[in-house]
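Pasting a predicted model and its sequence here:
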Amino acid sequence: MAVINEKVRALNEKVNVLKKGLEEAETKKEKVEAEANMCLAKLSSAETLVNGLSGENKRWGENVAKLQNSTQSIIGDVLLASSFVSYIGAFTASFRLNLWANTWIPDIHNRKIPITNDIDPL
């Protein structure tokens, strides 16, 4: 009977060692899974950021193009606006419209002064 008890004790010790190893492995597995989930969350955030920045790059490019165009036409735009305020602001609407649309705009175009297309000084 002592021999059997010794074998049972030895087997119980092996079982306890294996249980302890299993618990350690499960703890390590959970830690690795948590790290993997954290990395996936960071990757998702990074993808969102990169996609957002690529959209911003497109918008910034469009703004640069608009600004370059507006720097070309600002001379004519300012000429028309300042002329409007200085000379014809006090007249009737129909007179103002006739003067700037039919006289000043064609003159600006004839002199090849850059101006925004379809500009309205109002």
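On my side now, so go ahead. Computed from a prediction, not measured in an experiment: that's the story for all the values here.

contacts and neighbour counts: CA atoms only from here.
OK.

Just checking, which helix or strand succeeds the host helix or strand of N69 along the chain?
Taking DSSP states H and E as the criterion, N69 maps to helix 2-83. Using DSSP H and E, the next helix or strand after helix 2-83 towards the C-terminus is helix 93-99.

Quick check: what element follows that following helix along the chain?
Assignment by DSSP H and E places the next element after helix 93-99 at helix 105-110.

Distance from that following helix to the middle of the chain?
Distance, stretch centre to chain centre, for helix 105-110: 41 Å (CA atoms, centre = their mean, to the nearest Å).

follow-up on the earlier one: if you average the pLDDT over the helix holding N69, what comes out?
On average, the pLDDT along helix 2-83 is 87.

Around the nearest residue to W104 once chain neighbours are set aside, how many other residues sit close by?
Leaving aside its chain neighbours, W104 sits nearest to L80 (7.6 Å; criterion: CA to CA, 6 or more residues apart in numbering). Residues lying near L80 (other CA atoms under 10 Å) number 20.

So L80 sits against P121, correct?
Yes - using CA atoms under 8 Å, L80 is in contact with P121, at 6.8 Å.
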